[in-house]
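Colleague: Below are the sequence and a predicted model for it; my questions follow.
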Amino acid sequence: GDSVTQMEGPVTLSEEAFLTINCTYTATGYPSLFWYVQYPGEGLQLLLKATKADDKGSNKGFEATYRKETTSFHLEKGSVQVSDSAVYFCAPLGGYQKVTFGTGTKLQVIP
Amino acid sequence: DTAVSQTPKYLVTQMGNDKSIKCEQNLGHDTMYWYKQDSKKFLKIMFSYNNKELIINETVPNRFSPKSPDKAHLNLHINSLELGDSAVYFCASSQASGGPYEQYFGPGTRLTVT
């Protein structure tokens, strides 16, 4: 079945630092790829997505590019804010609309 | 307007009891899901329903039984609760075919079994 490997957290950064959260996946075919974010005490919400190779998803200053050759979908942001503190999940979408979530990477941004 | 709602938000109960968690979505989606999130934030799908029909049934103890009375509701009933059932349970919904579609999550139900 599909699987996802995300970098271990927590990741602690100072405000305005550059963020990268690595994600690689294994899947049958070429799944659509998602990043979800979970703020403290809340459910997950979609952050961005990419549906085919070389697509770049972006939202709220975050970006991720679908790299078919390396089966990766790394999340980046140029300048993080305290309000970005959350848990980030990489997730390929398989058949039957089944999403396989990574283990999540907790981001802490300190002022 | 709340898109995906769950009740209750917190549930504390003793081992051996039977409990239910309710989920409703007002997005007009055809597909609904139940996920379990453990203390390390690992999120695992349990079930999904499409138009009241069971589509995904992962390896979950048969003490867990989902019920979908209509496509806007997906409830989760748990029999003979065990300590290991303590977790946060999330309901989600999405459109069905022709995707890829994002999933919309409820706020979660924190279940504590003592």
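Modeller: Now that the structure is in, tell me what you want to look at.
Colleague: Please count neighbours and contacts with C-alpha atoms only from this point.
Modeller: Noted.
Colleague: what about the residue in chain A positioned nearest to chain B, how many residues close to it?
Modeller: Taking Cα to the nearest Cα, chain B has its nearest neighbour within chain A at residue A:43, 4.6 Å off. Residue A:43 sits with 21 neighbouring residues when counted by other Cα atoms under 10 Å in any protein chain shown.
Colleague: Distance of it relative to residue A:95?
Modeller: 23 Å (Cα to Cα, to the nearest Å).
Colleague: what ranges do the strands span in the chain?
Modeller: Assuming you mean chain A. Assigned strands in chain A, in chain order: A:3-6, A:11-14, A:19-21, A:23-26, A:32-38, A:44-50, A:56-59, A:62-65, A:75-77, A:86-93, A:105-110 (criterion: DSSP state E).
Colleague: Not quite, go with chain B.
Modeller: B:4-7, B:10-13, B:19-25, B:31-37, B:43-50, B:53-57, B:64-70, B:73-78, B:87-94, B:104-105, B:109-113.
Colleague: Show me which residues of chain B sit near chain A.
Modeller: Of all the residues in chain B, those in contact range of chain A (Cα under 8 Å from any Cα of the partner chain) are B:41-45, B:55-56, B:90, B:96-97, B:99-108.
Colleague: Could I get the contacting residues of the residue lying closest to the residue of chain A closest to chain B once chain neighbours are set aside?
Modeller: Excluding its sequence neighbours, the residue lying closest to residue A:43 (Cα to Cα, 6 or more residues apart in numbering or on different chains) is residue B:107, at 4.6 Å. The contact partners of residue B:107, taken as Cα atoms under 8 Å, 6 or more residues apart in numbering or on different chains, are A:41, A:42, A:43, B:4, B:5, B:6, B:9, B:90.
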